[in-house]
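Undergrad: Quick one, structure for this:
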Amino acid sequence: MLVAALALAPMGENDLFFHLALGQRILRTGVIPFRNLYSFTWPAHPDPDLAWGFQVLVAWLHGQGGFAAVVLLKTTLVTVAAALAYLTARRRGAGALEAAIAIVLAALCAEQRLVERPHLVTFVGIGALGWVLARVEGGRVRALWAVVPITFVWANMHAGVFLAPLVIGMRLFGALLDARLSRQPSRLPPGPTALALSGAAAATLATPAGPMLPSYLLWHTGLGATRNVEEFRPAEPWSDPWFFALGALVAAFTLASLARWRPCLREI
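TA: Numbers count the residues shown, from 1 in each chain. As a prediction, the model looks like this:
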């Protein structure tokens, strides 16, 4: 309820109008322009438009219920992402109170980004993958079948889909390392999980933009040198206090975990 309250606020995101205009154009013409049409300096510049699905969804919702419908979509996506993260934590063994506190801290850290933009789908995608992998670790190997459709929908909504194979690969590596240290079978079956990882990697390219995702991501690495972009500025204690609070908790948890595994690490 707290996360929903944080998200359920009047619309205040300028970028939405760009996405809304593109979505309306795609609905009207049935064609993704793949050009930066709404740039007054270079409208012919190529644009892979990896968020076309989100743009169409927003345009349709706006046509049905105006900006209020778009705000409700934002609130729904944020709340679903938080719920998936909570369920994942609980399935992995966290207590109800501990999981709730972690979700609240994460939501406070992300409050600036709880806006009407395609990255909200990435929040849901990460939550969904965590939930699927937690079920697999609990013995529900068939849950891996959900990885490819989740990644496919995600890929057509936001470029953050590159996190799908990254999350799966890191979880698989961590599970194999845990198995090595504890001398117990891996919680994630290596073969099926590696297959799901390959499927997720392929699904990231299953969009109208095809193989343009890597070059689009690399383009972002130079943005900080040419313009002042909020997402790429360094974190500041006075502007981002919850980021540092959560970072301190993660660091403390990591140090405690390393202390626990120190004897096993020495053996390796």
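
Undergrad: Out of the helices and strands in this protein, which is least certain?
TA: Least confident helix or strand, the chain: helix 223-226 with a mean of 70, by mean pLDDT, DSSP states H and E.

Undergrad: which residues are contacting that helix?
TA: 229, 232-233 (C-beta atoms under 8 Å, 6 or more residues apart in numbering). Glycine gets a C-beta too; all of them are placed from N, C-alpha and C.

Undergrad: Most neighbours out of these, which is it?
TA: Phe232 (13 neighbours; other C-beta atoms under 10 Å).

Undergrad: tell me the pLDDT at that residue?
TA: pLDDT, Phe232: 71.

Undergrad: same deal with Arg180?
TA: Here the pLDDT value assigned to Arg180 is 84.

Undergrad: So what's the residue count around it?
TA: Residues near Arg180, counting by other C-beta under 10 Å: 12.

Undergrad: What's the separation between it and Gly139?
TA: 21 Å (C-beta to C-beta, to the nearest Å).

Undergrad: Check Phe243 too.
TA: 36 Å.

Undergrad: So those two - more neighbours on which side?
TA: Phe243 (16 against 10).

Undergrad: Spit out the contact partners of the more buried one.
TA: 109, 235.

Undergrad: starting at the chain centroid, how far to the helix or strand it falls within?
TA: Applying DSSP states H and E as the criterion places Phe243 in helix 241-267. Put simply, helix 241-267 sits 23 Å off its chain's centre (C-alpha atoms, centre = their mean, to the nearest Å).

Undergrad: ditto for stretch 220-231
TA: 20 Å.

Undergrad: Spell out the secondary structure type for the residue nearest to Ala146 when sequence neighbours are not counted.
TA: Leaving aside its sequence neighbours, Ala146 sits nearest to Val132 (C-beta to C-beta, 6 or more residues apart in numbering; 5.2 Å). Per DSSP: H, G, I helix; E, B strand; the rest coil, the local secondary structure of Val132 is helix.

Undergrad: dump the residue contacts of Val132.
TA: By C-beta under 8 Å, 6+ apart, the neighbours of Val132 are 143-144, 146-147, 150.

Undergrad: Restricted to strands, list those.
TA: Taking DSSP state E, every one of the contacts of Val132 sits outside strands.

Undergrad: can you pull the pLDDT of the residue nearest to Ala203 when sequence neighbours are not counted?
TA: Closest residue to Ala203 apart from its sequence neighbours, by C-beta to C-beta, 6+ apart: Thr151 at 3.9 Å. Thr151 carries a pLDDT value of 97.
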